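[1] My questions concern the predicted model and sequence given below.
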Protein chains: 2
Amino acid sequence: MSDEDRAIARERVIESMEQSAEVYGLSRSAGRIYGVLYFSEEPLSIPELVDETGYAKSTISNVTRTLTRIGLIHRRSSAGGGRRVHYTAEREIWFSLQDVFQQYVLREIQTTLRTIRRAQAQLPADSGTESERIEELQETYEHFQEIVTLASDFTAAELRDALESYDR
Amino acid sequence: MSDEDRAIARERVIESMEQSAEVYGLSRSAGRIYGVLYFSEEPLSIPELVDETGYAKSTISNVTRTLTRIGLIHRRSSAGGGRRVHYTAEREIWFSLQDVFQQYVLREIQTTLRTIRRAQAQLPADSGTESERIEELQETYEHFQEIVTLASDFTAAELRDALESYDR
DNA sequence: TCGTTTGTTCGGATAGAGCCGAATAAACTG
DNA sequence: CAGTTTATTCGGCTCTATCCGAACAAACGA
């Protein structure tokens, strides 16, 4: 009974992880796989994940790869002695979020900045509105870059502290 | 000649906006429409946007709606005297980003928190690992909620300041 | 060595998003 | 009051992401 209650509670939370995954640009399967690993006592292999999630082997293989790349889960090669690969969930989600920001957002910001600077350089100093607008945009993006770069050195607690204690 | 240069520079930047739009979960058309409005001297109507972007009227109508909802562009109903709707770009992108965070991320965080709390409440105080894990998750999400809530009250400059001047 | 288990890669089916054109609604102009 | 211009909505087409099953590769155990 209590056992079943626990299973239900677990299932609810995992479902909400599926939902969250979509918001952050991942697939539902990614949300579920992460969720199952999050609640698992021990590291799980791909066949075990197939059992637990109901997804096909190939899906598990692909999704675990991207989740590993992002840093949301970790590969533990050969835990016991077998040749199986085992996966565990990163519980400090903050670190993964930082990585995602580093990898996607910061990269996008820098690519855009490069384009903007190049476009700006090919225009005479004061060539009408275009130039002004581009310069405006450049400043905005330099601002973003600073913020993201600074923020990625903070833990979640530090960041909250910094925001809470800041006196304008 | 210089005119053409300006057009080229403008086009480059708009293309990079199309790219950025995809990273932030918007369509390429959204990026281009925003870009055209960003560089436009005056507010533009839907037919004018059709000319400038090459997209169909219906596409412009739909995309402007979502961009308006997000806050990246603004509706100016009846600028001159006609019944036309005109659109302008919000140049302070920071405000829009905050809105998006408020609307999507914060909302997602709060939905998840509600689910977690409900699941937690239905479990006895110390029912094994599930309970611990869920509690752990709850703390993490409460942390996130604080950070996002705090950050949404800051301007970009203030946020940078807060991060720069924070002494651990 | 051969069969079994595990993991990756490939092609294809399906669902959803993005975009278009046509139909409709609504407001202005003569 | 027509006729025109503007804006939204609807159905359909196309392209992409997701997921599956099958084929393949690699490592283990008897």
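    Yep, that arrived.
[2] okay, CA-based contacts and neighbour counts for the rest of this
    OK.
[3] Now A:T112: closest residue in space that isn't a chain neighbour?
    Leaving aside its chain neighbours, A:T112 sits nearest to B:S16 (6.0 Å; criterion: Cα to Cα, 6 or more residues apart in numbering or on different chains).
[4] Kindly report the domain assignment for chain A.
    Domain ranges of chain A: A:2-89, A:93-165, per automatic domain parsing.
[5] DNA strand D is nearest to which of those?
    With Cα to the nearest atom of the strand as the measure, domain A:2-89 is the member of the domains of chain A nearest DNA strand D (3.6 Å).
[6] Provide the count of other residues in contact range of A:E41.
    Residues near A:E41, counting by other Cα atoms under 10 Å in any protein chain shown, number 11.
[7] in chain A, which helix or strand is least confident?
    helix A:93-100 (a mean of 86; mean pLDDT, DSSP states H and E).
[8] quick one on the thing from earlier: could the domains of chain A be laid out in CSV, adding distance to B:E130?
    Below are the domains of chain A laid out as CSV (distance: least, Cα to Cα, whole Å):
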stretch, distance to B:E130
domain A:2-89, 7
domain A:93-165, 18
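[9] wait, what's in contact with A:V13?
    Contacts for A:V13 (Cα atoms under 8 Å, 6 or more residues apart in numbering or on different chains) come out as A:35, B:112, B:115-116, B:119, B:134.
[10] the helices in chain A, which residues?
    A:2-23, A:28-39, A:46-53, A:57-70, A:93-100, A:107-121, A:128-151, A:156-165 (DSSP state H).
[11] Excluding chain neighbours, what is closest to A:L67?
    Nearest residue to A:L67, sequence neighbours excluded (Cα to Cα, 6+ apart): A:I73, at 5.8 Å.
[12] pretty sure that neighbour is touching A:I93, no?
    No: taking contacts as Cα atoms under 8 Å, A:I73 lies outside contact range of A:I93: 9.8 Å.
[13] The two: who's more crowded?
    It is A:I73, of A:I73 and A:I93, that has more neighbours when counted by other Cα under 10 Å, with 23 against 17.
[14] if I look at that one, how far off is B:Y24?
    23 Å (Cα to Cα, to the nearest Å).
[15] do A:K57 as well
    Using Cα to Cα, one obtains 30 Å as the distance from A:K57 to B:Y24.
[16] same question, A:A89
    Counting by Cα to Cα, the separation of A:A89 from B:Y24 is 26 Å.
[17] What of A:W94?
    To B:Y24, A:W94 is 19 Å away according to Cα to Cα.
[18] next one: A:T68
    A:T68 is 22 Å from B:Y24, by Cα to Cα.
[19] and what of A:S20?
    A:S20 is 15 Å from B:Y24, by Cα to Cα.
[20] Which one of these two is surrounded by more residues?
    It is A:S20, of A:S20 and B:Y24, that has more neighbours when counted by other Cα under 10 Å, with 20 against 15.
[21] Tell me, how many residues neighbour A:I14?
    A:I14: 21 neighbours (other Cα under 10 Å).
[22] my guess is it meets A:G31, correct?
    Yes: using Cα under 8 Å, A:I14 is in contact with A:G31, at 7.3 Å.
[23] So is stretch A:3-17 next to DNA strand D?
    No: using Cα under 7 Å from any atom of the strand, stretch A:3-17 stays clear of DNA strand D, coming no nearer than 12.4 Å.
[24] do stretch A:23-39 as well
    Yes: counting by Cα under 7 Å from any atom of the strand, contacts between stretch A:23-39 and DNA strand D involve A:25-30.
[25] do that stretch and DNA strand C meet at all?
    No: against DNA strand C, stretch A:23-39 shows no contacts by Cα under 7 Å from any atom of the strand, the least distance being 11.2 Å.
[26] Return the alpha-carbon coordinates of stretch A:23-33 using PDB.
    The C-alpha trace of stretch A:23-33 is given here as PDB (Å, rounded to 0.1, in the frame of the first residue of the first chain):
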ATOM      1  CA  VAL A  23      10.000  23.600 -21.800                       C
ATOM      2  CA  TYR A  24      13.800  23.400 -21.800                       C
ATOM      3  CA  GLY A  25      14.000  22.100 -25.400                       C
ATOM      4  CA  LEU A  26      14.400  18.500 -24.700                       C
ATOM      5  CA  SER A  27      12.200  15.500 -25.600                       C
ATOM      6  CA  ARG A  28       9.700  13.900 -23.300                       C
ATOM      7  CA  SER A  29      11.700  10.700 -23.400                       C
ATOM      8  CA  ALA A  30      14.700  12.700 -22.000                       C
ATOM      9  CA  GLY A  31      12.600  13.900 -19.100                       C
ATOM     10  CA  ARG A  32      11.400  10.400 -18.300                       C
ATOM     11  CA  ILE A  33      14.800   8.800 -18.600                       C
END
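[27] Buried among the residues of stretch A:23-39 next to DNA strand D? Need that as a selection in PyMOL.
    To isolate the buried subset of the residues of stretch A:23-39 next to DNA strand D in PyMOL, counting by 16 or more other Cα atoms under 10 Å in any protein chain shown, use the following:
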select buried, chain A and resi 26+28+29+30
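[28] So, low pLDDT: which residues of chain A?
    For chain A, the stretches flagged by pLDDT under 70 are A:1, A:78-83, A:126.
[29] Kindly recompute the last result at 80.
    For chain A, the stretches flagged by pLDDT under 80 are A:1-3, A:77-83, A:103, A:124-127, A:168.
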